[in-house]
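> Sequence first, then the predicted structure:
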Amino acid sequence: MRVLVLEDDPDLGPAITRGLREAGFAVDFAADLADADFKLAVNSYDCLIADRMLPDGDALTLLAAQRKAGSTLPVLLLTALDAVTDRVAGFEHGADDYLVKPFAFAELSARVRALCRRGQPARPPELRVGGLELDLPRRRVRRDGVLLTLTAKEFSVLELLMLRAGEVVSRTDLVERCWDEQAEPLSNVVDVLIGQLRRKLGPPELITTVRGVGYRIGDPDADG
């Protein structure tokens, strides 16, 4: 899941970005409306987290413009403006959620994850491929009943592969959905991470390389 954080506070912005990355999100960062508008135009996001008062204006203007253009991107306003009138204005301009500063990071992460999934097709709480089980609410992975330890990034990649089980997921899709602007598009970050996943998942191998395209996950017992 890829999110955009719009926050001009020089301490809070990087802290939110770092925390969400550690929680498994791919995160891009913008410190003003102009940069956020540009990134929204060139990238695909699952959620926007936006402060209200920014150096070049109120984020409500950006939100209103996005909604007028037909965008259904889930938006969480994260602001110190806590009056009822401020909350109402946020929802009237198209916000999906509103969280007042100061806040608990665990709550922010949970709200963002819920918003990201709101904009996606309904999915079961547990994904299965052969003996591999992915528990989405608890973010746990088991193979043949054995609990595996994955990094947040490994979990995100595995989740995307299992959501499209049997289909080829391109490297481009994996980078766009699971990495952020820090990733080098021409680097081998995807291949390295897939190698790590294969080692942790163990035999028989579930992830197949489709040369020149990407990767596919499937039950090896169902192929023959």
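Yep, it's here. Numbering: from 1, shown residues only.
> ok, which stretches of this protein are strands?
2-6, 26-30, 47-50, 53-54, 57-58, 75-79, 97-100, 126-129, 132-135, 140-143, 146-148, 169-170, 207-210, 214-217 (DSSP state E).
> Can you give the strand pairings for the last one, parallel or anti for each?
Translated: strand 214-217. With DSSP bridges as the test, strand 214-217 is paired with strand 169-170 (antiparallel), strand 207-210 (antiparallel).
> what does the longest one contact?
Where contact means C-beta atoms under 8 Å, 6 or more residues apart in numbering, the residues beyond strand 207-210 that reach it are 161, 168, 194, 197, 198, 201, 215, 216, 217, 218. For every residue, glycine as well, the C-beta is placed using N, CA and C.
> which of those are buried?
161, 194, 197, 201, 215, 216, 217, 218 (16 or more other C-beta atoms under 10 Å).
> Let me have the strands of the chain in JSON lines, extended by distance to residue 109 and mean pLDDT.
Formatted as JSON lines, these follow (distance: least, C-beta to C-beta, whole Å; pLDDT from 0 to 100):
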{"stretch": "strand 2-6", "distance to residue 109": "10", "mean pLDDT": "95"}
{"stretch": "strand 26-30", "distance to residue 109": "11", "mean pLDDT": "93"}
{"stretch": "strand 47-50", "distance to residue 109": "11", "mean pLDDT": "96"}
{"stretch": "strand 53-54", "distance to residue 109": "22", "mean pLDDT": "94"}
{"stretch": "strand 57-58", "distance to residue 109": "25", "mean pLDDT": "95"}
{"stretch": "strand 75-79", "distance to residue 109": "11", "mean pLDDT": "96"}
{"stretch": "strand 97-100", "distance to residue 109": "11", "mean pLDDT": "96"}
{"stretch": "strand 126-129", "distance to residue 109": "21", "mean pLDDT": "90"}
{"stretch": "strand 132-135", "distance to residue 109": "17", "mean pLDDT": "93"}
{"stretch": "strand 140-143", "distance to residue 109": "17", "mean pLDDT": "94"}
{"stretch": "strand 146-148", "distance to residue 109": "22", "mean pLDDT": "95"}
{"stretch": "strand 169-170", "distance to residue 109": "25", "mean pLDDT": "91"}
{"stretch": "strand 207-210", "distance to residue 109": "27", "mean pLDDT": "93"}
{"stretch": "strand 214-217", "distance to residue 109": "26", "mean pLDDT": "94"}
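> With distance to residue 20 as extra columns, can I get the ones you listed in a markdown table?
Shown next, in a markdown table, are the strands of the chain (distance: least, C-beta to C-beta, whole Å):
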| stretch | distance to residue 20 |
| --- | --- |
| strand 2-6 | 6 |
| strand 26-30 | 5 |
| strand 47-50 | 8 |
| strand 53-54 | 19 |
| strand 57-58 | 23 |
| strand 75-79 | 11 |
| strand 97-100 | 13 |
| strand 126-129 | 22 |
| strand 132-135 | 20 |
| strand 140-143 | 20 |
| strand 146-148 | 23 |
| strand 169-170 | 23 |
| strand 207-210 | 26 |
| strand 214-217 | 25 |
